[in-house]
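J.: Could you look at this predicted model? Sequence included:
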Amino acid sequence: CLEGHADCRRGCRPPTHAQLLLQTDLFEVAVAAGVAAPTSTNMATKRFFTVGYEHTTLPGLIAGLQEAGVKRIIDTRDVANSRRAGFSKKLLAASLDEEGIGYIHLRPLGTPKAGREANRAGRMDEFRRIYEASFMRPEAQLALLEAEELIRAQPTALLCFCGDGAKCHRNRISEALETK
């Protein structure tokens with residue numbers, strides 16, 4: 001339910017897709033015209049979101065993307081495979097395409113295996129150190145420039161698994177995009 005009751009027996013209404021996305025931090029508005037003020041004049045034409053699919057299904061994700069007006073997903077996972085139904089690269093891309101949402105995988109923006117392991121274990125300082133080193137590589141910086149161009153072209157969401165944006169590498173990518 002929207003009140004956060006784990007096993008809701010209070011008769012609360014189930015959340016809509018958009019409410020579920022907001023409730024679980026699935027969508028964090030990084031920069032959106034009319035929602036958050038751009039951080040610079042260069043950002044005025046950018047609109048992007050970040051998405052973690054940890055707490056949703058593929059139909060829920062698609063509904064939330066459509067409701068937010070997202071036209072493209074940038075998959076920021078290092079490995080675009082998933083044990084979650086529908087979230088592996090080929091099936092995700094095909095499902096999004098059927099709904100008129102583009103898909104691109106920018107692997108260089110992903111978190112290396114050692115970083116993912118540190119994150120899962122709660123070693124956040126180690127995770128951030130590992131990701132920052134990976135993020136500073138030339139290929140990651142080129143991918144960041146590509147992401148910036150894609151975001152300028154149409155409303156876009158950065159995607160990975162993590163449902164908590166504060167603990168995710170998407171946060172670092174968003175910070176870099178906001179300064180461009």
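T.: Received it, and whenever you're ready, just let me know what you need.
J.: Please identify the buried residues of the lengthiest helix in the chain?
T.: Longest helix in the chain by number of residues (criterion: DSSP state H): helix 138-153. If you call a residue buried by 16 or more other CB atoms under 10 Å, then helix 138-153 has these buried ones: 140, 143-144, 147-148, 150-151. Bear in mind the C-beta positions are built from the backbone N, C-alpha and C, glycine included.
J.: Distance to Arg47 and pLDDT added to those residues, as CSV?
T.: Output for the buried residues of helix 138-153, formatted as CSV (distance: CB to CB, whole Å; pLDDT from 0 to 100):
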residue, distance to Arg47, pLDDT
Ala140, 22, 98
Ala143, 19, 98
Leu144, 17, 97
Ala147, 13, 96
Glu148, 12, 94
Leu150, 11, 95
Ile151, 7, 93
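J.: Tell me who's in contact with the nearest residue in space to Gly102 that is not next to it in sequence.
T.: Distances taken as CB to CB, 6 or more residues apart in numbering place Arg72 nearest to Gly102, at 3.9 Å, with adjacent residues excluded. Contacts for Arg72 were tallied using CB atoms under 8 Å, 6 or more residues apart in numbering; they are 101-104, 150, 153-157.
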